[in-house]
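[1] heads up, no residue letters with this:
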């Protein structure tokens, strides 16, 4: 058993994400003191469009090249500040490495080095160590208990900041709880996705896709979108609310206006010819009605990221019936999650490793959630790469659910294909949780 993997080299570069914007990729090269062999781990960092203001800082150059979105400063931080400090350390000491990265940055939100810089190195270290030990990443990170394949929370219709259409809520997703395995679940999702395309074509609606591969037609409101999804589920031979459920990401922080203290719906307003705005109480009532009229099992970011009082009301009204997921609310941050647990807000946390900046900090949020009976949903970002790390982490941490886009665009499909390979490797030990992944009645 290898006991010392000396970090010999850390190097970052600027690459492009799925939106054609720059992001950070890092290599960590280690030398095994046991077999004298060299091993490399490479990790690329995703980027969000709908970002919570409490997320760790994604360092951008703010210079003319790439419209200000370059990451040369973050890359420089890896190559000139992080690399010299990590060389010689043991890559097996993941917690110690991550704590060192936090201390080296010295801020609450990674604003000095950039969370994109620290995360690239953190993940690359773990990957190098896994390779040196001849282990898949999910086994290295999760140990012998890693066996749970996640239920896909598959985005098949995009709106909000993820698409140039009139749909105000950001994501509408399907969740095949009836499946016997992950591979079966993926097949069900793909069939529904293709049937949705046929239905959109029949109605003369656009079948162009948004950032996450979901279709992005112009539709007047959430009800019309949900009706389309129900029809697609039925057209595929499944029962909505029994075999397949619907999940939503409202991304309400993007709709909230601090000046008016109201939620504004520009797309719905444009198609209906009148301004559609809703208060917090009206938003809660709206979601309550949607869950009564449609088979919705999960709602993410139903209210703004700092509306703790509203979230408490929402949780009291819907918490036992629907999974309420905090993304902008919690930003994979155990301090914000702890506050939410104390206040009794939400029932689930979305896990995005780039929101916090190191592998260890992300795990601490998952661990805190699971100890307090909150469900956990591993998630991609709208600006993705071919890196499949989150697929392994979903299994490593037994999150039970994963959100990684439509069965369209290789940056999304890569994660699903990685999960198919993991399921095959696990064989009889693989478990698909189905409806038990949710704590709802």
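    Yes, it's here. In this text the structure is predicted, and so the values were computed from the model without any measurement. Numbering: from 1, shown residues only.
[2] any low-confidence regions in the stretch 51-200 of the chain?
    Within the stretch 51-200 of the chain, the ranges that satisfy pLDDT under 70 run 52.
[3] where do the helices sit along it?
    72-77, 83-86, 94-105, 115-132, 137-142, 182-202 (DSSP state H, counting those that start in this stretch).
[4] Kindly report the same for the stretch 201-350 of the chain.
    Under DSSP H, counting those that start in this stretch, the stretch 201-350 of the chain gives helices at 222-235, 266-272, 280-293, 308-318, 334-343.
[5] returning to that earlier point: which of the helices of the stretch 51-200 of the chain has the highest mean neighbour count?
    helix 115-132 (a mean of 28; mean count of other Cβ atoms under 10 Å). Any C-beta I mention is one placed from the backbone N, CA and C, and that applies to glycine too.
[6] Off-centre distance for it?
    Relative to its chain's centre, helix 115-132 lies at 18 Å (Cα atoms, centre = their mean, to the nearest Å).
[7] With stretch 224-241 instead?
    Using Cα atoms, centre = their mean, the offset of stretch 224-241 from its chain centre is 24 Å.
[8] picking up where we left off before, so which of the helices of the stretch 51-200 of the chain comes closest to residue 312?
    Residue 312 sits nearest to helix 115-132 of all these, at 28.9 Å, using Cβ to Cβ.
[9] Report the contact partners of the residue nearest the centre of the chain.
    The residue lying closest to the centre of the chain (Cα atoms, centre = their mean) is residue 379, at 1.7 Å. Counting by Cβ atoms under 8 Å, 6 or more residues apart in numbering, residue 379 touches 327, 350-352, 390, 402-404.
[10] Residue 272: what's its closest spatial neighbour, skipping adjacent residues?
    Leaving out its chain neighbours, the residue that sits closest to residue 272 by Cβ to Cβ, 6 or more residues apart in numbering is residue 220, at 6.3 Å.
[11] where's the one you found relative to residue 160, distance?
    Taking Cβ to Cβ, to the nearest Å as the measure, residue 220 and residue 160 are separated by 15 Å.
[12] circling back to that earlier point, determine which of the helices of the stretch 51-200 of the chain approaches residue 172 most closely.
    Across the helices of the stretch 51-200 of the chain, closest to residue 172 is helix 182-202 (Cβ to Cβ), at 9.8 Å.
[13] List of residues touching that closest one?
    149-152, 154, 156-157, 174, 176, 178-179, 206-207, 215, 217, 228-229, 231-233, 235-236, 238, 243-244, 406-408, 416, 419-420, 423, 430, 432.
[14] relative to helix 222-235, how tilted is that helix?
    Angle between the axes of helix 182-202 and helix 222-235 is 120 degrees (criterion: axes from the mean of the first three to the mean of the last three Cα atoms, to 10 degrees).
[15] Quick check: residue 26 is in a strand.
    Yes - Residue 26 sits within a strand when classified using DSSP: H, G, I helix; E, B strand; the rest coil.
[16] Report pLDDT for it.
    The predicted local distance difference test score for residue 26 is 98.
[17] quick one: it and residue 77, what's the gap?
    Distance from residue 26 to residue 77, by Cβ to Cβ: 11 Å.
[18] any shared contact partners between those two?
    Between them, residue 26 and residue 77 share no contacting residue, judged by Cβ under 8 Å, 6+ apart.
[19] Buried only: go through the contacts of helix 182-202 for me.
    149-152, 154, 156-157, 174, 176, 178-179, 215, 217, 228-229, 232-233, 236, 238, 243-244, 406-408, 416, 419, 423, 430, 432 (16 or more other Cβ atoms under 10 Å).
[20] In strands, which of those residues appear?
    Counting by DSSP state E, the part of the buried ones among the contacts of helix 182-202 found in strands is 151-152, 154, 156-157, 174, 176, 244.
[21] Can you pick out the most distant pair from the residues you listed?
    151 and 157 (18.4 Å).
[22] Residue 284 reaches residue 316, doesn't it?
    No - using Cβ atoms under 8 Å as the test, residue 284 is too far from residue 316 to be in contact (9.4 Å).
[23] Looking at these two, which one has more neighbours?
    Taking other Cβ atoms under 10 Å, residue 284 and residue 316 do not tie; residue 284 has more neighbours (21 against 12).
[24] Against residue 340, how distant is the nearest residue to the more buried one once chain neighbours are set aside?
    For residue 284, ignoring the flanking residues on the chain, the nearest one in space by Cβ to Cβ, 6+ apart is residue 314 at 5.1 Å. Counting by Cβ to Cβ, the separation of residue 314 from residue 340 is 12 Å.
[25] go on, residue 103?
    With Cβ to Cβ as the criterion, residue 103 and residue 340 are 26 Å apart.
[26] can you pull the buried residues of stretch 372-389?
    374-385, 387-389.
[27] again, but for stretch 4-12
    Across stretch 4-12, burial judged by 16+ other Cβ under 10 Å covers 5, 7-8, 10-12.
[28] Need the residues that contact that stretch.
    Stretch 4-12 is contacted from outside by 24-34, 38-39, 74-75, 78-79, 82-83, 86-92, 117, 120-121, 124-125, 128-129, 132, using Cβ under 8 Å, 6+ apart.
[29] Can you give the distance from that stretch to the centre of its chain?
    Centroid displacement of stretch 4-12 relative to its chain, using Cα atoms, centre = their mean, is 28 Å.
[30] Could you do stretch 264-273 as well?
    Centroid separation between stretch 264-273 and its chain, computed with Cα atoms, centre = their mean, is 28 Å.
[31] same question, stretch 338-349
    Mean C-alpha position of stretch 338-349 versus that of the full chain (Cα atoms, centre = their mean) differs by 18 Å.
[32] Residue 260 - how many residues pack around it?
    10.
[33] how about it, what does it touch?
    By Cβ under 8 Å, 6+ apart, residue 260 lies in contact with residue 277.
[34] same deal with residue 439?
    Residues counted as contacts of residue 439 (Cβ under 8 Å, 6+ apart) are 323, 347, 373, 375.
[35] now for those residues, which pair is the farthest apart?
    323 and 373 (11.9 Å).
[36] Okay, domains of the protein per the record?
    What the TED database lists as the domains of the chain is 5-134, 151-437.
[37] now the ones you listed in a markdown table, with distance to residue 140?
    Converted to a markdown table, these look like this (distance: least, Cβ to Cβ, whole Å):
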| stretch | distance to residue 140 |
| --- | --- |
| domain 5-134 | 4 |
| domain 151-437 | 8 |
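[38] Show me the one of those that comes nearest residue 145.
    Nearest of those to residue 145, taken as Cβ to Cβ: domain 151-437 at 7.0 Å.
[39] From the chain's centre, how far out is the closest one? Work that out for me.
    Using Cα atoms, centre = their mean, the offset of domain 151-437 from its chain centre is 9 Å.
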